[in-house]
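Q: sequence first, then the predicted structure, then my questions.
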Amino acid sequence: MTGYSEDEKLRLQQLRVLRRRWLRDQELSEREPVLPPRKLGPVAAFWERFLQPGGFWRQQVFKAYQASGFILLRILIPSWLACYYVKYHVMNTPHGVVMSNPRIFPGDRILETGEIMPPLKDEPNKHH
């Protein structure tokens, strides 16, 4: 004989109904207190108010986050890439490379002051 007898089927059906009724009773209504209200410290109370959905500061922080992401992705990174390309691939001498001034020899004229460099003095001890 396979399957359940009529009494077993009735018993299983009644258990199923009782389980469903018990689960339905487990749902809490809005009026039913779950936990007593918590006493928050000053920092926790600030964050609780600050992070409420639809709050003014939460919207402002989100706007600042959106704007900073836009500026970073649309302005800073592309401008950095353009500067890098120009600096290292387009310019003949990279920025920051110091070109040395031409050497000054005795008898040369300095353009800014107009003075002429005097000849070098001989060293008294000729160790060369």
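A: All right, it came through fine. A quick note: this is a predicted structure, and the numbers were derived from the prediction, not measured. Residues are numbered from 1 along each chain as shown.

Q: what about the helices in this structure?
A: Taking DSSP state H as the test, the helices found in the chain are 6-25, 42-50, 56-71, 77-85.

Q: and the longest one, what other elements does it pack with?
A: For helix 6-25, not one helix or strand is in contact under the criterion 3 or more CB pairs under 8 Å, 6 or more residues apart in numbering; DSSP states H and E. The way it works is simple: take the backbone N, C-alpha and C, and place the C-beta from them, glycine included.

Q: hmm, who's touching that helix?
A: With CB atoms under 8 Å, 6 or more residues apart in numbering as the test, helix 6-25 has contacts from residue 4.

Q: hmm, back to that, of the helices of the chain, which is nearest residue 109?
A: Of all these, helix 77-85 sits nearest to residue 109, with 39.4 Å by CB to CB.

Q: mind giving me the packing neighbours of the closest one?
A: Partner elements for helix 77-85 (3+ CB pairs under 8 Å, 6+ apart): none found.

Q: next one: that helix to chain centre, how far?
A: 19 Å (CA atoms, centre = their mean, to the nearest Å).

Q: again, but for stretch 26-38
A: 39 Å.

Q: model confidence over that stretch, on average?
A: Mean pLDDT, computed over stretch 26-38, is 74.

Q: now that stretch: buried residues?
A: Neighbour-count burial for stretch 26-38 flags no residue at all (criterion: 16 or more other CB atoms under 10 Å).

Q: still on that earlier bit, reformat the helices of the chain as JSON lines; add mean neighbour count.
A: Output for the helices of the chain, formatted as JSON lines (neighbours: other CB atoms under 10 Å):
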{"stretch": "helix 6-25", "mean neighbour count": "10"}
{"stretch": "helix 42-50", "mean neighbour count": "10"}
{"stretch": "helix 56-71", "mean neighbour count": "11"}
{"stretch": "helix 77-85", "mean neighbour count": "10"}
